[in-house]
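Asker: would you be able to build a 3D model of this:
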Amino acid sequence: MDREIHTPLTEDVTKGLRVGDYVYITGTIYTARDAAHKRMDEALKEGKTLPFDMRDAVIYYMGPSPAREGRPIGSAGPTTASRMDKYTPQLLDLGLKGMIGKGKRTQDVKDAMVRNHGVYFAAVGGAGALLSQCIRSAQVVAYEDLGTEAIRKLEVERLPVIVVADSYGGDLYETAVQQYRKEWFSEN
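Answerer: Below you'll find the model as predicted:
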């Protein structure tokens, strides 16, 4: 099913999303990769506030290339989500509702998604130039010294993603493999 959603990403919205749904996201999302997640984890351990409010937020695991003239951002393809998995359950417990990346998630992350009604979206790897066309503005909001791994606030319009793990424990990476095996082995 195709869905149009707007941020902030509320629990009412996440509860309506299922594995396999094609989704177009419009609104504010944030970028953060490995180094930014590590800094946020350190900030929390030191009792400091995070650079943005996690409640109902969406984090895109992405480090952009430099912007071309007249564009807000360069290529904006997803990075492998599993590199953030050791930090993600805590962020979900703080209210994070959505993540965008590529690749599988650990069971701890999936359990935290169920507990907190979160959702994990996949963006198409290798399509960063096309995905960047959905980004209307980009502004560094924290950790500028990290360069491409700085946290950015993005305004996106109809960013195409697919739900690969939902708030009910569904995991497209698992069900797609099962379906493929069923179809492949029943025909051969």
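Asker: residue 114 contacts residue 169, correct?
Answerer: Yes - in this structure, residue 114 is within contact of residue 169 by C-beta atoms under 8 Å, at 5.2 Å. Backbone N, C-alpha and C define where each C-beta goes, glycine included.
Asker: what about the nearest residue to residue 11 once chain neighbours are set aside, neighbour count?
Answerer: Of all residues not flanking residue 11 in the chain, residue 117 sits nearest, at 4.6 Å (C-beta to C-beta, 6 or more residues apart in numbering). Using other C-beta atoms under 10 Å, residue 117 has 19 other residues around it.
Asker: show me where this protein has helices.
Answerer: For the chain, the helices defined by DSSP state H cover 11-15, 34-45, 88-93, 107-116, 128-132, 172-187.
Asker: for those helices, which one sits closest to residue 60?
Answerer: helix 128-132 (9.2 Å; C-beta to C-beta).
Asker: please produce JSON lines containing the helices of the chain, extended by distance to residue 148, mean pLDDT and mean neighbour count.
Answerer: JSON lines is the format used below for the helices of the chain (distance: least, C-beta to C-beta, whole Å; pLDDT from 0 to 100; neighbours: other C-beta atoms under 10 Å):
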{"stretch": "helix 11-15", "distance to residue 148": "28", "mean pLDDT": "97", "mean neighbour count": "15"}
{"stretch": "helix 34-45", "distance to residue 148": "10", "mean pLDDT": "97", "mean neighbour count": "17"}
{"stretch": "helix 88-93", "distance to residue 148": "20", "mean pLDDT": "98", "mean neighbour count": "20"}
{"stretch": "helix 107-116", "distance to residue 148": "23", "mean pLDDT": "98", "mean neighbour count": "18"}
{"stretch": "helix 128-132", "distance to residue 148": "12", "mean pLDDT": "84", "mean neighbour count": "19"}
{"stretch": "helix 172-187", "distance to residue 148": "27", "mean pLDDT": "69", "mean neighbour count": "11"}
